[in-house]
Each structure stands twice: as structure tokens, then as C-alpha cells.
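Student: After the sequence you'll find the predicted model.
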Amino acid sequence: MEPTDTSHPDYFHRVVDCQWACPAHTDVPEYIRLIAQGRFTDAYMVNRHSNVFPGILGRVCDRPCEPACRRGRIEQKPVAICRLKRVAADHRDDITSLLPAIPKVKNGKRIALIGAGCASLTVANDLMPLGYEVTIFEQYGEPGGLMRTNIPSFRLPATVLSEEIAMITGMGVDLRLNTPVKSLRELLTGGFDAVFVGSGAPKGKELRLPGRDAGAANIHIGIAWLESVAFGHIDRVGKRVLIIGVGNTAMDCCRTSLRLGAESVKVMARKPRGFFKASAWELEDAEEESVGIVVNRSPKAFVIEGGKLAGMQFDKMEYDLDAAGSITAERVVGEEFLPADDVILAIGQENAFPWIERDLGIEFDKWDVPVIDKVTFQSTRPGVFFGGDAAFGPKNIIWAVEHGHQAAISIHRHCQGEAVTERLPPGINLQSRKMGMHEWSYSNDYTPVERRLMPHVSIKERFKKLNIEVELGFTVEQVEQEVQRCLNCDVQTVFTAKLCIECDACLDICPVDCLTITHNGPEAELRQRLKAPALNLAQPLYVSGPLPQTGRVMVKDEDLCVHCGLCAERCPTAAWDMQKSALHWPHAADEPQALPAQSAKKIA
């Protein structure tokens, strides 16, 4: 993101990296500070405002926030942001009284949600407090969608899943289980004012190779197989299992196979490890459980002997890579047979909408996927919205949650007769953290401790039952240490050039040499004149206006700053201040206040 306007005194303000990296824009530093104070319930509610499912996501999130964590600029490992969400969830008090109040008198608008997954549940969470009557149609006997059917219980306990879902359905949602929608046309005649499709991407990709039909009894589609395990329809698997694919679903399949009795499990990857789609921690957990990861193997055929699956034939692949790590050439250098009693295909998921008639005004693209506006989540038929995997294909839970938030805004505006494209912008407020001459209302000490490792159930114990949760959560001591690793990236250094007397006190005390007073110049040349070379070209420099004494400028390399506040403590003129930036990302609840003002403006 570009530096703010240098003519404004707040030009050293920078948005929070982790909060912007999270699709739902969770206020990470704030809930970490609350955890540090032992205020777990407050931390949970801060978290729930944006991501809706802290206990669930604290276990299974893909962690888009962690690569952006500023701790990673100092050492390789970021703050354990995801697992600290779980800490708040596991140690909170009863929050029933803190959930949004639901109006007894409804607003007369009825909304239909298809699928009881994370996207639909988020829509319900946002619309119920506004007086909408929300009906969820779910094909299975329990809500949760792919969170329940495709994430094994040893990663996400059913009790955690059900508890957080119940917080939403308990708002008065009309949850209709075992009620699949077989015709959108029929649903549209049911008197609903808007329809949201959150049915996920329920179709696993096939692998049509020789022997596929003959070996069908022992060749499984990954997401369907996990679903059968979740509902108790499958309770065993062969001794030798091959998993085709190397995404997160493949990791769930291989680890589940071990718990169902497999003795040898291999994950077969067509390309080198650098091209894997699975999260690094998912791979680590699988390998800890002795799953074999075999690279550079391209499936060639299912081998059938005596009318039964005997294994698979693979081409051995070899690749040429360029300096950027991209494949420039590939070739087959041999063949290999691997025996298998069962093969599980985990090579991707696809959308499937056989129940949406093609003459309803909903446009489909060449892949037979609905055309959806990426901002409003509305289809080409007004009043019909999509979100989660059903909108743009498989991503992850936190993306689906944000889709739900944005779709809820659109649904509310649609039902109020307002344009769904007119939306409130995000806002940022700055507030000083100064409490005294040398005191700040945040912990500004730099802590050199390394990232805490998550305790796990022993290898011997975790395979005794399918639903033994492997990760135990942080101990109190680990929590106390991990929260101190946060660099408070929402507490910004704010500099007012006209107050600076160029005494160099801030330069002298800065522990990381991120500040320089020098003459302005072209960026490339300026980077070479700083106290510490600004090597991260992706991080813009922060350059002040001319200083009143000499006309030089204050330059800050934000890439190095640890937000210790020593510059502000040392400054004799208060030219420096430490200010908390509060990012407000609008939800549907903000629209009722905005719509009357917009209507009045239109009338005027």
C-alpha cells in the first residue's frame, strides 16, 4: 500500500498488515492484547465480529494473516495468530448475553439461504439482528457444510463446530435439515425477497484413466470419501492406500486413512514440493504421522488384477525450472508401479448446479459456473446472490465468511430498494496511545522469544480413536510468551514535521536504525543514503515534507520498525506520537444508519 499523503501530519500512518491480509479483516493486534490481559471473552468477541467462527478458524484456518505478520520481517516465524484465536475460544466465558439482540418484530423481508455452510451461516449472522426472517435449506441432517463433512474430527471436534453454529441458528433461524433444494425455480416462487446460494463446491474431480471403472469399488473421490467417514458410512480402509493430489483435502484423506487402519499411506504428487497446494503445517503433520510424500509421479493407469484394484502405474517425471522457480520443461524418464488396496482421488473440487434451471436469467460462463459480481456477490439475476466456494470455486473458510459479510450487505440494500453497488467505504481512525511522559497503553517492549510450538497428542495415543483432537492448544505459559511476540502493527508512529527541531534524538535512540534525516531525492538514490539500507523494495519509504530548520526530510523505513515508541519517548517537542489505527470494515449492521442519510441526500 502506498504511503499516505505527505502533506498530512499523519503521513507516517500505515495500515495493519495482518488485518488487511485477512479476508475478513480481523483486528489481530487488539485481540492479542486482550489475550495478554487474560480477557479471553473480550478477545473472542473482537474476533467473532469479523470471522464469526473463532473456535473453528482457530483450528483449521489457512492463515492468510500470518505470512503478512511483521514478526516475519525480523525472524522467519510469524506470531501464532491462528492458534491464539483458539486460545480465546477455549477459555472464554458464556457469551450468550453478548450476542446481537434479535428484534421480536420482523421487518417483513424473507431470505432463503441454500446450504448451511460457513458462507450462509455468516449471512444469517448478519441479517438476523436487522429483523429479517432467514430460512436455511440444508441437504444433510446436520448444519456446517464442508466444515462438518470434509474436515476430520481429529482436526475440528464436532462439539466446537456445533457450538459455534448454534450461536447463529439459535438467533431464530428457520433451519430446515434434510431438505435439499432440487429446483431454484420452485424456490423463487416461495415468496422470498432474496436468495443466497452457499452450497459449496460439492463435486470432486475425477481421474479418467485405464482401469478406472474396473477398480471402482476401491477408487474413491476424496471429498465424498471424507463425507462418508464423517457420517459413519465408512469405518475401514485397505492396508495400502495411495492418495492422488497434494492439497489440504489430500492431507485430510491420508491422515484419516491411518486412523481407519491403513499401514502404508503415500501421497502422490505430480510436481516438485514447491508446487504443492497443501499448507506447510498440514504437510508437517502428515509427515509426522509417517505419511510418505512421493514427488514427480504422474498417474498413468489403475492396475487391475483378478478383477480387483492392485495398484497404480505412474510416469516418473523430471522438470526444468527457471530462476523464478517456474517449470520451463518436463519429460518422462521412466515408469513405476505402486501397489494399493485403495486409491483416494483428491485432485480438486468443482461447482455443481444441476438444480439451477438455465432460463432464470442467471448467466453461466464457459465452465458452467454462474457469473458473479466480485464486489456485490449478485448474479446476473437481481436478488440472487452467491458466496463461498459456490461463487468462485474452492478457497477456504475465512474467504467464505467474508463473502457472507459482503453478500449480507448486498441483500440488505436489495431488500431496501437501494443499489447494491453503493457501499460504505472502510474507515480508519487514529488515536494516541500516550498515557504519560514515558508510558503507553500497549506493551512496547521487544521480546526475542521464538514462536511457541503447538503441543500435540502423542503418536501412540492419537490413533486409538478417529475423533481424538491432535492439537492440544497452548498452555498458559506458552500463551504468555507468544502474545509478547506481537509487534503491535496497528500502533503507528505518527510524525508532525513542523514540530521537529532536528535534534537527532529519535535517530540516536532508534534500536533498528529505521529513521534518517537527509535531503530528499529520487527513491532509488535515497534508499542508498539511509542509516540502514532499505532493501525491501516492496515496502515504500515514508518521506516527510521539508523540516522547518534545514529543509531536509525525515525518512522512515517501515520495514525495520518494531513500534517500540522510543522515538516518541525521546522527542522533546512531541513531533513523534504512537497512535492506534482502528480499521472499520462495514458490515450489514452499519447500513441502517447509512441508508436514511443517503435517502435524505437524494431527496435534497
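Tutor: Now that the structure is in, tell me what you want to look at.
Student: When you work out contacts or count neighbours from here on, use the C-alpha atoms and nothing else.
Tutor: Noted.
Student: center of this protein - which residue?
Tutor: I398 (3.7 Å; C-alpha atoms, centre = their mean).
Student: so where does it fall, helix or strand?
Tutor: helix 397-415 (DSSP states H and E).
Student: can you pull the alpha-carbon coordinates of that helix into CSV?
Tutor: Provided in CSV are the C-alpha atoms of helix 397-415 (Å, rounded to 0.1, in the frame of the first residue of the first chain):
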residue,chain,number,x,y,z
ILE,A,397,-13.4,-20.9,5.4
ILE,A,398,-12.2,-17.3,6.1
TRP,A,399,-12.8,-16.3,2.4
ALA,A,400,-16.4,-17.8,2.6
VAL,A,401,-17.0,-15.8,5.8
GLU,A,402,-16.1,-12.5,4.1
HIS,A,403,-18.2,-13.4,1.1
GLY,A,404,-21.1,-13.8,3.6
HIS,A,405,-20.5,-10.4,5.1
GLN,A,406,-20.4,-8.7,1.7
ALA,A,407,-23.4,-10.6,0.4
ALA,A,408,-25.4,-9.7,3.5
ILE,A,409,-24.8,-6.0,2.8
SER,A,410,-26.0,-6.5,-0.8
ILE,A,411,-29.1,-8.5,0.3
HIS,A,412,-30.0,-5.8,2.8
ARG,A,413,-29.6,-3.0,0.2
HIS,A,414,-31.6,-5.0,-2.3
CYS,A,415,-34.4,-5.6,0.1
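Student: What's the first helix or strand after that helix?
Tutor: strand 427-432.
Student: returning to that earlier point: elements contacting the helix holding I398?
Tutor: helix 40-51, helix 118-127, strand 194-197, strand 384-386, helix 591-603 (3 or more C-alpha pairs under 8 Å, 6 or more residues apart in numbering; DSSP states H and E).
Student: tell me how far that helix is from the chain's mean position?
Tutor: Relative to its chain's centre, helix 397-415 lies at 15 Å (C-alpha atoms, centre = their mean, to the nearest Å).
Student: pLDDT of it, averaged?
Tutor: Mean per-residue pLDDT for helix 397-415: 97.
Student: isn't I362 right up against S379?
Tutor: Yes: applying C-alpha atoms under 8 Å as the test, I362 and S379 come out as touching, 6.2 Å apart.
Student: who has more neighbours, those two?
Tutor: S379 (21 against 18; other C-alpha atoms under 10 Å).
Student: I'd say that one and A390 touch.
Tutor: No: using C-alpha under 8 Å, S379 is not in contact with A390; the gap is 11.5 Å.
Student: re earlier: separation between the residue nearest to the centre of the chain and R485?
Tutor: 24 Å (C-alpha to C-alpha, to the nearest Å).
Student: Is E336 in a helix, a strand, or coil?
Tutor: What DSSP: H, G, I helix; E, B strand; the rest coil gives for E336 is strand.
Student: burial count for it?
Tutor: Neighbours of E336 using other C-alpha under 10 Å come to 13.
Student: One more: V181?
Tutor: Neighbours around V181, by other C-alpha under 10 Å: 17.
Student: what do you get for A538?
Tutor: Around A538 there are 8 residues (other C-alpha under 10 Å).
Student: and the residue nearest to G191 when sequence neighbours are not counted, what is it in contact with?
Tutor: Using C-alpha to C-alpha, 6 or more residues apart in numbering and skipping the chain neighbours, the partner closest in space to G191 is R110 (7.5 Å). Shown in contact with R110 (C-alpha atoms under 8 Å, 6 or more residues apart in numbering): Y132, E133, V134, T135, G191, F192, D193, A194.
Student: just the buried members of those residues?
Tutor: Using 16 or more other C-alpha atoms under 10 Å as the burial test, the contacts of R110 include Y132, E133, V134, T135, F192, D193, A194 as buried.
Student: Let me know the pLDDT of the first one.
Tutor: pLDDT recorded at Y132 is 97.
Student: That one and V332, how far apart?
Tutor: Y132 is 59 Å from V332, by C-alpha to C-alpha.
Student: Likewise for the fourth one?
Tutor: With the distance defined as C-alpha to C-alpha, T135 ends up 54 Å from V332.
Student: before we move on, what about the second one?
Tutor: Taking C-alpha to C-alpha as the measure, E133 and V332 are separated by 59 Å.
Student: who touches stretch 280-291?
Tutor: By C-alpha under 8 Å, 6+ apart, stretch 280-291 touches N248, M251, C254, R255, S264, V265, K266, V267, I293, I459.
Student: ok now that stretch, how far from the chain's centre?
Tutor: With C-alpha atoms, centre = their mean, you get 21 Å for stretch 280-291.
Student: same question, stretch 380-393
Tutor: 19 Å.
Student: again with stretch 80-89
Tutor: 13 Å.
Student: Mind listing residues that contact that stretch?
Tutor: Residues contacting stretch 80-89 (C-alpha under 8 Å, 6+ apart): 28, 32, 35, 40-41, 43-44, 47, 54-59, 61, 63, 65-66, 451-452, 473-474, 479, 482.
Student: Stretch 453-463 now?
Tutor: L258, R259, E289, I468, E469, V470, E471, L472, G473, F474.
Student: which residues sit in contact with R70?
Tutor: Counted by C-alpha under 8 Å, 6+ apart, R70 has contacts D17, C18, P78, L487, C489.
Student: again, 7 Å this time
Tutor: R70 makes contact with L487, according to C-alpha atoms under 7 Å, 6 or more residues apart in numbering.
Student: Report the separation between it and C18.
Tutor: R70 is 8 Å from C18, by C-alpha to C-alpha.
Student: cool, and S279?
Tutor: 18 Å.
Student: higher neighbour count, the two?
Tutor: C18 (24 against 14).
Student: hey, least reliable of the helices and strands packed on helix 397-415 by pLDDT?
Tutor: helix 591-603 (a mean of 56).
Student: so where do the helices sit in the stretch 51-200 of the chain?
Tutor: For the stretch 51-200 of the chain, applying DSSP state H, counting those that start in this stretch gives helices covering 54-60, 81-91, 118-127, 146-149, 158-169, 184-188.
Student: Need those in a markdown table (columns: mean neighbour count and distance to K239).
Tutor: Output for these, formatted as a markdown table (neighbours: other C-alpha atoms under 10 Å; distance: least, C-alpha to C-alpha, whole Å):
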| stretch | mean neighbour count | distance to K239 |
| --- | --- | --- |
| helix 54-60 | 23 | 28 |
| helix 81-91 | 23 | 34 |
| helix 118-127 | 28 | 35 |
| helix 146-149 | 21 | 23 |
| helix 158-169 | 17 | 27 |
| helix 184-188 | 15 | 44 |
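Student: closest to I223 out of those?
Tutor: Closest approach to I223 among those is made by helix 146-149 (7.9 Å; C-alpha to C-alpha).
Student: roughly how far out does that closest one sit from the chain middle?
Tutor: Counting by C-alpha atoms, centre = their mean, helix 146-149 comes out at 16 Å from the chain centroid.
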